[in-house]
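Engineer: 3D model of this:
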Amino acid sequence: MTRAIIALVLVGLLGLVTAGLALARGGPPASQKGKGPTKTPLQQEWIQEVFVDYVNPSHAGPGPHPDTESSSFKLTQGGISWFSDGDVKYKITGAEGVTGGNTAIEAAIATLDGFITTRTFTRDDGSPSSNPCGGVNTVRWAAIDGSGGILATASVCRNVATKEIRGFVVTFDTDETWSVTGASGLPDVENVGAHEFGHMAGLNHVNGPKDGCLTMYRFASDGETQKQTLGLGDKLGLDALYSTGDTSSGPGCAS
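Structural biologist: Model prediction:
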């Protein structure tokens, strides 16, 4: 069963910008069909935006697929990024939703960490870094909306004027049954995590059918592991943000 990835911004008064991976079964409520991005006025130096996307699910499963890997990418707010300022410490909280889940989360973070040249991300459950949006950098296991709805969300704290990212909170829904092996019929932690942390790095969704093999493609499927590894478009987006110099192709539709 496929699930639609929804970029979902859940923020407080100071303005956490959330671009999350939310996978939903079924269609949207009739009152929400066709609803596009909505925006609210600036609140101090932070902004709140909500993106709700309902599109028929698709993914990078069995072909046919384009012969050439997509070079598409989209930057959040036209280019928000982590500025150079040393180590970013984060904590993981809550009982992991599956044995090995935290290890899979750290692997997903490490994938993006290798491309965010301005900062280094380190797990430190005892003293995580605080951020100006009123919290600390956190990955958490917590109930969200019951089984079969949202899988995960990612909130990104950023400065409106400078476009500097200053913090994040990523939540994995403990109401879901997770896998760390790409098991059929279950969402894979590292697959979902890499997409979430792509948002945390400053990448937005790509939407075209030709983009189906990319980590930031809007949809995912149970059992999918494709998003664990960055594709060409994902790398081009990160190079635009962080001058990585890595514009090589990814694995294509390997899984």
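
Engineer: Just the C-alphas of stretch 171-181, formatted as PDB.
Structural biologist: Extracted in PDB, the C-alpha atoms of stretch 171-181 (Å, rounded to 0.1, in the frame of the first residue of the first chain):
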ATOM      1  CA  THR A 171       8.900  13.000  15.100                       C
ATOM      2  CA  PHE A 172       8.300   9.300  14.200                       C
ATOM      3  CA  ASP A 173       4.800   8.000  14.900                       C
ATOM      4  CA  THR A 174       4.800   5.200  17.500                       C
ATOM      5  CA  ASP A 175       1.300   4.300  16.500                       C
ATOM      6  CA  GLU A 176       2.700   2.700  13.300                       C
ATOM      7  CA  THR A 177       4.500  -0.600  13.000                       C
ATOM      8  CA  TRP A 178       8.000   0.100  11.700                       C
ATOM      9  CA  SER A 179      10.800  -1.900  10.000                       C
ATOM     10  CA  VAL A 180      14.500  -1.500   9.700                       C
ATOM     11  CA  THR A 181      15.000  -4.100   7.000                       C
END
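
Engineer: Tell me the buried residues in it?
Structural biologist: The neighbour-count check on stretch 171-181 (16 or more other CB atoms under 10 Å) flags 171, 172, 173, 174, 176, 178, 179, 180 as buried. Every residue, glycine included, has its C-beta placed from N, CA and C.

Engineer: Mind putting the residues you listed into a markdown table with distance to residue 148, secondary structure and pLDDT?
Structural biologist: Shown next, in a markdown table, are the buried residues of stretch 171-181 (distance: CB to CB, whole Å; DSSP: H, G, I helix; E, B strand; the rest coil; pLDDT from 0 to 100):
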| residue | distance to residue 148 | secondary structure | pLDDT |
| --- | --- | --- | --- |
| 171 | 16 | strand | 90 |
| 172 | 15 | strand | 92 |
| 173 | 10 | strand | 90 |
| 174 | 13 | coil | 94 |
| 176 | 8 | coil | 90 |
| 178 | 13 | coil | 95 |
| 179 | 16 | strand | 96 |
| 180 | 20 | coil | 98 |
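
Engineer: What is the nearest of the residues you listed to residue 241?
Structural biologist: residue 171 (23.6 Å; CB to CB).

Engineer: doesn't residue 143 make contact with the closest one?
Structural biologist: No. The criterion here is CB atoms under 8 Å, and residue 171 misses it with residue 143 at 9.4 Å.

Engineer: List the buried residues in stretch 211-229.
Structural biologist: 211-229.

Engineer: quick one: low-confidence parts of this structure?
Structural biologist: Along the chain, segments meeting pLDDT under 70 span 1-67, 254-255.
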